[in-house]
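Chemist: coords please:
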Amino acid sequence: MHTFYSRDESDRYEPGTNATFIKNALIFTGERNGSEVIRGSILMDKGIIKSIGKVPEHYAHVAMHATVIDAEGAWVTPGLGESSHWIGVKRSDFLLNISGPSLARWGSKRTCPGCAIGSNDLNSKHGPILPWLRSIDGFNTHDESFQLSIAGGVTSAQVLPGSINAIGGQAFMIKLRKTSDGSPSSMVIDPPHSLTGKNTQNSDVHWRYLKQACGENLRGYGTRMDSMWSLRSAYNEARKIKLAQDDFCAKAEAGFWDGVSEFPESLQWEALVDVLRGKVKVSLMDLDNIVRLSNEFEFPIASFHHASDAWLVPSLLKKARGGIPAVALFATNHRYKRESYRGSEFAPRVLADEGIPVVMKSDHPVLNSRYLLYEAQQAHYFGLPANLSLASVTATPATAAGLSHRIGFLREGGDADVVLWDSHPLRLGATPVKVWIDGILQIPVPSKSGDQKPVEVGKGKMDDRWKKLPEVPNWDSERKKAVDWDGLPPLLEKPRRNIVVFSNVKKVSRRTLDGNLQSEFSAETDGGLGTVVVENGRLVCIGQSCFSSSYSGASFVDLRGGSLAPGLLTYGSPLGLEEIAGEVSTGDGIPYDAFTRNVPAILDDRGAIVRAMDALMFGTRNALTAYRSGITLATSSLSKEYYLDGTPGHIISGLSVTFRTGSSHAMERGAIVQDINALHVHIGRVHPMISKGVSVSTQIAALRRLLFGWEERDKETGYWFRQAAEGVVPLVVEVHDADIMATLLILKIEVEEKIGSRMRMVFSGATESHMLSKEIVGLGVRESWEARNTRFDIQWAVLESNGKISQREMNAIAYTNLPKLLGIREIEDNGQLLEDIVAYEGGGPFDFSSKVAAIISPERQLVDLFVL
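Modeler: Okay, the predicted model is just below:
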């Protein structure tokens with residue numbers, strides 16, 4: 001490596017690129033296990049970091065002519081590395097159907113309608129064992145996700161094949177910068193001999209990469225036993241070839257040429273032979289099976305991906321051949337299939353405590369790669385030390401990929417992949433101000449027209465607190481309990497108290513009868529921290545005049561400068577309608593779709609309208625996890641983009657329900673807030689994952705007919721569409737396309753003119769709504785596991801707006817807009833809304849320093865305590 005670091009210019013250098021000199025920076029280098037931070041400067045030239053800290057005299061002439069950036073004490077890190085990415089091989093407009101911590105108004109530009117199927121080269125259906133396939137051969141350099149990922153500070157990624165094959169094929173490490181060459185091959189980092197045709201045996205090692213999978217994803221090819229036999233058979237073939245090659249070489253070296261024919265090799269199996277020779281970084285799924293496989297065939301494992309159970313079996317990981325592999329996982333995305341059911345937010349910390357390298361990933365486009373850093377922030381929030389959290393998206397993935405000499409660190413001689421941040425990278429909402437790849441500026445995006453309109457970044461983050469590491473709660477007790485319960489700790493284990501006294505309260509907020517947030521106590525204006533007394537779920541005393549000693553038998557909770565605020569509402573996911581998204585047996589199943597098959601006569605309803613209330617399930621882990629995160633209400637419908645068997649989402653999606661996420665069953669007091677909220681329909685183009693469905697024009701024609709009242713009103717379909725047309729209930733339309741939204745708005749006018757009503761039409765999803773309107777109305781999530789992150793998603797959206805969303809508007813997004821839009825009827829008692837109140841320890845609802853200590857429910861007349 002000494003020779004590598006002495007290079008004068010990078011092999012990726014683009015001639016004509018000026019040097020860049022960043023001064024007055026706070027530099028996270030990635031060195032010393034992520035603990036090294038330097039105050040100083042960075043000089044980048046010819047695609048390389050020439051100096052870091054202080055510029056030596058022999059580089060002074062370069063610095064004099066460089067583009068100078070004054071960081072003004074801001075943080076600088078290596079470019080982020082994505083260990084599991086499907087960029088270029090899976091369509092970018094899949095992002096229309098996933099969520100990130102932002103609102104549609106701030107979404108990316110419009111993607112290419114109808115071009116998704118032609119750019120989806122993720123999975124091959126030609127067998128379970130395909131080591132001869134290569135992701136680079138299906139790589140699309142025009143994927144819109146390149147800019148999206150770079151905007152989040154991601155500069156390199158491992159582009160993997162999909163996960164439906166035991167061996168999906170060869171992966172490649174790429175830089176996200178498009179080169180002047182314009183080819184996929186030119187984006188590969190240290191291309192291996194198998195790609196270039198050049199023999200690199202006598203030079204620095206150029207690693208190869210392979211994707212393997214096991215478990216549920218391979219059901220199309222049989223059981224886990226079938227999958228393991230496929231893998232063992234394949235490696236046995238490779239071992240035969242390797243032994244034959246070794247025998248050939250041994251005879252050749254000994255001079256025994258008699259009977260020696262051609263060198264034994266196979267283009268089909270050569271990648272696996274290289275695995276056995278230790279020349280390939282293997283990324284895998286599943287645990288015990290693969291550890292046994294690595295020992296049986298004597299090959300090392302670079303990393304386990306997904307690995308939701310890995311934190312429960314750290315000793316098993318240490319038995320893998322060739323050293324401890326890294327574990328790449330999500331922060332809170334769990335329970336999407338049975339294998340991930342025991343996944344935990346505490347997994348990164350538990351693994352790190354066991355000395356296992358932790359990598360946080362987005363699996364783009366499963367999660368939006370622009371928010372890769374958010375995964376590291378959440379890992380830190382739940383206990384992963386700051387140095388390891390930052391390393392989990394920089395140094396650790398680079399080391400696991402065998403590329404730490406080039407990327408993942410800021411060191412002299414390394415690649416000039418650098419990010420300048422507007423705040424501490426582990427602060428919620430941290431955004432890149434500038435991004436360089438190979439020393440070439442990528443963010444801000446250079447204008448192609450010459451009319452540069454820079455995007456404003458970092459507004460409101462100028463004071464020094466934004467440069468400091470955020471405080472996070474202590475989760476030691478919860479983490480230990482999660483381990484003790486083998487990943488499934490009780491989520492409502494504390495006794496429910498009648499009288500609770502909260503001390504050291506900084507602020508109390510409640511909603512007024514019109515739904516707006518109002519402060520009822522503030523330490524800043526009321527002379528210091530106060531006390532709140534709760535009796536039978538009601539706040540009976542607030543302020544500094546509450547004497548806790550007068551309440552015998554009470555439970556006492558120190559909020560440590562925390563606050564009380566209304567519970568949050570989540571919308572958009574099937575929360576409470578399924579336990580595991582990938583297990584059909586744990587959900588409602590597939591209702592009848594009136595557009596694709598005949599509805600049974602027993603329903604006696606042409607549109608087969610169903611009620612989410614009838615399918616409601618209480619006590620799901622996603623609902624209870626959301627509850628413990630301050631999400632006390634959920635509005636759920638049976639609307640889906642598509643079903644697991646390939647059935648398109650239903651156009652008529654039925655009637656939604658609002659329920660309390662912490663309730664035990666439907667008969668419990670206050671469990672059902674509203675049995676019918678709104679009528680839901682799904683209007684859109686054919687989903688790229690399905691490639692079949694009803695035309696948009698047919699969908700609109702049917703909707704027009706139903707809203708005009710041309711269906712019998714004594715049936716469910718006719719009745720509820722008439723209610724929607726007259727504005728009695730909201731009509732919630734799941735739609736993403738701006739053209740379709742415009743058509744729906746025209747249809748709304750037609751209906752109102754025809755029947756003299758005023759409809760309450762609400763767009764849900766609404767990815768392209770910013771093209772039609774500048775109004776922000778609410779925030780929702782797509783999947784059940786995401787509900788728990790609602791309070792941080794709101795804060796992300798506010799911070800990303802760079803001051804365009806005020807505190808009042810943020811409160812409206814959090815507490816006011818969704819209930820109004822979804823038609824949720826508020827209950828009042830003695831001039832006060834009967835709403836759940838959340839007690840936060842250590843801060844407010846949107847502070848990274850806080851965690852939920854208790855839920856106060858006047859309707860249920862109780863308090864759920866989570867800390868004592």
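
Chemist: For residue 840, give me phi and psi.
Modeler: Backbone dihedrals for residue 840, given as degrees, to the nearest 10, come out at phi -110, psi 130.

Chemist: what do you get for residue 241?
Modeler: Torsion angles, degrees, to the nearest 10, at residue 241: phi -70, psi -40.

Chemist: my read: it touches residue 263, true?
Modeler: No - with contact defined as CB atoms under 8 Å, residue 241 does not reach residue 263; the gap is 10.4 Å. All C-beta spots, glycine's among them, are computed from the backbone N, C-alpha and C.

Chemist: Comparing the two, which shows the higher neighbour count?
Modeler: Using other CB atoms under 10 Å, the more surrounded residue of residue 241 and residue 263 is residue 241, with 18 against 10.

Chemist: tell me the contacts of that one?
Modeler: In this structure, residue 241 makes contact with 264-266, 269-270, 273, judged by CB atoms under 8 Å, 6 or more residues apart in numbering.

Chemist: these two touch, right, residue 797 and residue 809?
Modeler: No - with contact defined as CB under 8 Å, residue 797 does not reach residue 809; the gap is 10.1 Å.

Chemist: Who has more neighbours out of the two?
Modeler: The residue with more neighbours, out of residue 797 and residue 809 and counting by other CB under 10 Å, is residue 797; that gives 22 against 15.

Chemist: mind listing what's buried in the helix or strand containing that one?
Modeler: Under the assignment given by DSSP states H and E, the secondary-structure element containing residue 797 is helix 790-800. Using 16 or more other CB atoms under 10 Å as the burial criterion, the residues of helix 790-800 that qualify are 790-800.

Chemist: Same list as before, these that is, but in CSV and with distance to residue 823 and pLDDT included.
Modeler: Rendered in CSV, the data for these read as follows (distance: CB to CB, whole Å; pLDDT from 0 to 100):
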residue, distance to residue 823, pLDDT
790, 20, 94
791, 23, 94
792, 27, 94
793, 23, 93
794, 21, 92
795, 27, 92
796, 27, 90
797, 23, 88
798, 26, 89
799, 30, 90
800, 29, 87
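
Chemist: Next, format the residues you listed as JSON lines and append distance to residue 177.
Modeler: Converted to JSON lines, those look like this (distance: CB to CB, whole Å):
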{"residue": "790", "distance to residue 177": "35"}
{"residue": "791", "distance to residue 177": "35"}
{"residue": "792", "distance to residue 177": "30"}
{"residue": "793", "distance to residue 177": "30"}
{"residue": "794", "distance to residue 177": "33"}
{"residue": "795", "distance to residue 177": "31"}
{"residue": "796", "distance to residue 177": "26"}
{"residue": "797", "distance to residue 177": "28"}
{"residue": "798", "distance to residue 177": "31"}
{"residue": "799", "distance to residue 177": "27"}
{"residue": "800", "distance to residue 177": "24"}
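
Chemist: wait, which of those residues is closest to residue 394?
Modeler: For the buried residues of helix 790-800, the residue nearest residue 394 by CB to CB is residue 796; the value is 20.7 Å.

Chemist: Where does pLDDT dip in the protein?
Modeler: 1-2, 91-119, 199-204, 448-452, 495, 548-549, 644-646, 689, 773-777 (pLDDT under 70).

Chemist: From the centroid of it, which residue is nearest?
Modeler: For the chain, the residue sitting closest to the mean C-alpha position, by CA atoms, centre = their mean, is residue 367 at 3.7 Å.

Chemist: Reduced to three states, what does that residue come out as?
Modeler: Reduced to three states with DSSP: H, G, I helix; E, B strand; the rest coil, the structure at residue 367 is coil.

Chemist: That one and residue 594: what is the separation?
Modeler: For residue 367, the distance to residue 594 (CB to CB, to the nearest Å) stands at 34 Å.

Chemist: go on, residue 327?
Modeler: In this structure, residue 327 and residue 594 are 46 Å apart, going by CB to CB.

Chemist: ok, now residue 665?
Modeler: When distance is defined by CB to CB, residue 665 is 31 Å away from residue 594.

Chemist: Settle it for me: which of those two has more neighbours?
Modeler: Neighbour tally, residue 665 and residue 594, criterion other CB under 10 Å: the higher count belongs to residue 594, 19 against 10.

Chemist: Quick check: that one touching residue 600?
Modeler: No - the pair residue 594 and residue 600 does not pass the contact test of CB under 8 Å, sitting 11.0 Å apart.

Chemist: Quick check: phi and psi on the closest residue in space to residue 417 that isn't next to it in sequence?
Modeler: Closest residue in space to residue 417, ignoring its immediate chain neighbours: residue 79 at 3.4 Å, by CB to CB, 6 or more residues apart in numbering. Main-chain dihedrals, residue 79, degrees, to the nearest 10: phi -60, psi 140.

Chemist: thought residue 79 was touching residue 420?
Modeler: No - between residue 79 and residue 420 there is no contact under CB under 8 Å: 10.9 Å.

Chemist: When the two are compared, which one has more neighbours?
Modeler: Summary of the neighbour comparison: residue 79 and residue 420, criterion other CB under 10 Å, with residue 79 having more neighbours (29 against 21).

Chemist: In contact with that one: list those residues for me.
Modeler: Under the criterion of CB under 8 Å, 6+ apart, the contact partners of residue 79 comprise 153-156, 394, 407, 417-419, 435-437.

Chemist: following the one helix or strand residue 235 maps to, which helix or strand shows up next?
Modeler: Assessed by DSSP H and E, residue 235 sits inside helix 224-254. Where DSSP H and E defines the elements, the next helix or strand beyond helix 224-254 is helix 270-276.

Chemist: Output the contacting helices and strands for that next one.
Modeler: In terms of contacts (3 or more CB pairs under 8 Å, 6 or more residues apart in numbering; DSSP states H and E), helix 270-276 is packed against helix 193-196, strand 208-212, helix 224-254, strand 280-284.

Chemist: out of these, which comes closest to residue 616?
Modeler: Judging the helices and strands packed on helix 270-276 by CB to CB, what sits closest to residue 616 is helix 224-254, at 33.1 Å.

Chemist: And the strands in the stretch 751-868 of the chain, which stretches?
Modeler: With DSSP state E, counting those that start in this stretch as the definition, the stretch 751-868 of the chain shows strands at residue ranges 761-765, 828-829, 832-833, 837-841, 851-857, 862-865.

Chemist: Now do the contacts for residue 19.
Modeler: Under the criterion of CB under 8 Å, 6+ apart, the neighbours of residue 19 are 43-46, 50, 62-63, 65-67, 439.

Chemist: Give the ChimeraX command for selecting the buried subset of those residues.
Modeler: Here the buried members of those are turned into a ChimeraX selection, burial being counted by 16+ other CB under 10 Å:
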select :43,44,45,46,50,62,63,66,439
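
Chemist: wait, which of the contacts of residue 19 is closest to residue 518?
Modeler: Top of the list for closeness to residue 518, among the contacts of residue 19 and by CB to CB, is residue 67 at 50.4 Å.

Chemist: roughly how far apart are the residue nearest to that closest one when sequence neighbours are not counted and residue 14?
Modeler: Beyond its immediate neighbours in the sequence, the residue positioned closest to residue 67 (CB to CB, 6+ apart) is residue 20, lying 4.9 Å away. Between residue 20 and residue 14 the distance is 13 Å, computed by CB to CB.

Chemist: Between the two, which is the more surrounded one?
Modeler: Neighbour totals were compared for residue 20 and residue 14, and residue 20 leads with 21 against 15 (other CB under 10 Å).

Chemist: Bridged to residue 49, which residues?
Modeler: residue 44 (DSSP bridges).

Chemist: Out of the contacts of residue 241, which end up buried?
Modeler: Neighbour counting with 16+ other CB under 10 Å marks 269-270, 273 as buried within those.

Chemist: export those to TSV and tack on distance to residue 196?
Modeler: As requested, the buried ones among the contacts of residue 241 are arranged in TSV below (distance: CB to CB, whole Å):
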residue	distance to residue 196
269	20
270	15
273	18
